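**Q** the following comprises the amino acid sequence and a computationally predicted model.
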Amino acid sequence: MLQLKAVVAGYGGGSVLRGVDLECAERTITCVVGPNGAGKSTVLRAISGLIAPTEGEIRLDGEPIGGRAPAEILRRGVAQVPQSHALFPAMSVQENVLMGGYLIRKDRKLLRERLDQVRERMPVVAQRAREHAGNLSGGQRRMVEIARCLMLDPRLILLDEPSLGLDPRGLAGVAEVIQRLSQAGTTVLLVEQNVRLGLGLATHGVVMEGGRVRLTGTAAAVRDNPEIASLYLGGGTRWTSESPPPSRTGDPGSPPTA
Ligand SMILES: Nc1ncnc2c1ncn2[C@@H]1O[C@H](COP(=O)(O)OP(=O)(O)OP(=O)(O)O)[C@@H](O)[C@H]1O
Ligand SMILES: [Mg+2]
């Protein structure tokens, strides 16, 4: 579904990505891990069109999308949930979610349908509709950020550090939402510092370092790679989260049958 080939990209003329190859098949969950500054967020920004690659190709269903405008990429079904907290705290939960429907704002009927779908898929949106987004817990805010991007019914969802700053309960909630998205047929590409959580959820893993992909494979293979295991399972590592995986229902370790 998504293919990056030898992508070079960066900021202000400097290259952060130095030839990135990456693929996501439909209905998979791919988790990108790696140290701070490896270029993980930059990969997501290049896919969603926030930065344009200077070399290489990004294809969606075989069509080149590298360098296209973010709104066009969004229209093609690729939505990004950014790393930073991105809700308007003084606006209600529902108002925040409706902002995600900006591109379809002229079609009131579709907007209404999508909102109903999102309320059903993400109960927090229905339960706290009129609450100021700023009054929600970290985990609930993350749900609303994801809910907002579901207004355009994306086929591919890009999540940058969805676990960041969440307590164990928030982590479990977000993990469950990601699994439900995947089960509903959405392809997921996420970046995670919480390697256990990310590779536990994912079907496929990608390890980045210094603007390049160092290792790819099934999530299990990446998790079990001795070097990777010693980097994030061994004590005192610099790029791992110490938090234990959240308790979850079901078996997130096994890839969905496509
Ligand atoms: N807006 C920007 N302008 C200039 N340089 C940037 C910008 N954003 C990121 N960089 C630089 O690009 C490099 C890669 O950053 P990126 O955010 O992609 O890393 P990351 O792997 O997501 O790291 P982290 O785990 O800290 O989120 C870093 O050296 C960073 O300083
Ligand atoms: Mg980042």
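**A** Yep, it's here. Residues are numbered from 1 along each chain as shown. Ligands and ions are numbered 1, 2, ... in the order given.

**Q** separation between the closest residue in space to G198 that isn't next to it in sequence and P154?
**A** Once flanking residues are discounted, G198 sits nearest to E192: 2.9 Å by CB to CB, 6 or more residues apart in numbering. Every C-beta, even on glycine, is put in place using the N, C-alpha and C of the backbone. In this structure, E192 and P154 are 19 Å apart, going by CB to CB, to the nearest Å.

**Q** try V213
**A** Between V213 and P154 the distance, using CB to CB, works out to 24 Å.

**Q** before we move on, what about K109?
**A** K109 is 20 Å from P154, by CB to CB.

**Q** more neighbours: which of these two?
**A** Legend: neighbour count by other CB atoms under 10 Å for K109 and P154, higher for P154 (21 against 8).

**Q** show me where the stretch 1-150 of the chain dips below the pLDDT cut-off.
**A** Within the stretch 1-150 of the chain, the stretches with pLDDT under 70 are 83-85.

**Q** cutoff 90 now
**A** Applying pLDDT under 90 to the stretch 1-150 of the chain flags the ranges 13, 82-86, 102-105.

**Q** contact residues of it facing ligand 1?
**A** Counting by CB under 6 Å from any ligand atom, the residues of the stretch 1-150 of the chain close to ligand 1 are 11, 16, 34, 36-42.

**Q** rerun that using 8 Å as the cut-off
**A** Residues of the stretch 1-150 of the chain found near ligand 1 (CB under 8 Å from any ligand atom) are 10-12, 14, 16, 34-43, 45, 83.

**Q** so A79, which of the three states?
**A** strand (DSSP: H, G, I helix; E, B strand; the rest coil).

**Q** just list whatever residues bridge to it.
**A** When assigned by DSSP bridges, A79 has beta-bridge partners I157.

**Q** so what's it up against?
**A** Listed by CB atoms under 8 Å, 6 or more residues apart in numbering, the contact set of A79 reads 48, 149-150, 152, 154, 156-158.

**Q** pick out the most distant pair among those residues.
**A** Within those, S48 and L150 form the most distant pair, 15.4 Å apart (CB to CB).

**Q** quick one: contacts of the helix or strand where K109 lies?
**A** Element membership of K109, judged by DSSP states H and E, is helix 108-121. By CB under 8 Å, 6+ apart, the surrounding residues in contact with helix 108-121 are 94, 97-98, 101, 104-105, 125-126, 129, 147, 150-153, 180, 184.

**Q** and the residues you listed, which of them are buried?
**A** Among these, those classed as buried by 16 or more other CB atoms under 10 Å are 94, 97-98, 101, 104, 125-126, 147, 150-153.

**Q** of these, which is the nearest to V174?
**A** Nearest to V174 among the buried ones among the contacts of helix 108-121 is A147, at 11.9 Å by CB to CB.

**Q** tally of neighbours for the residue lying closest to that closest one once chain neighbours are set aside?
**A** Nearest residue to A147 in three dimensions, chain neighbours excluded: M122, at 4.2 Å (CB to CB, 6+ apart). As a burial measure, M122 scores 22 neighbours (other CB under 10 Å).

**Q** save the buried ones among the contacts of helix 108-121 as TSV, and put in distance to ligand 2 too.
**A** Shown next, in TSV, are the buried ones among the contacts of helix 108-121 (distance: CB to the ion, whole Å):
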residue	distance to ligand 2
Q94	29
V97	24
L98	27
G101	27
I104	29
V125	26
A126	31
A147	22
L150	22
M151	24
L152	23
D153	26
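
**Q** returning to what we had before: sitting in helices, which of the residues of the stretch 1-150 of the chain next to ligand 1 do you find?
**A** Residues of those located in helices (DSSP state H): 40-43, 45.

**Q** spit out the contact partners of A129.
**A** 92-94, 119.
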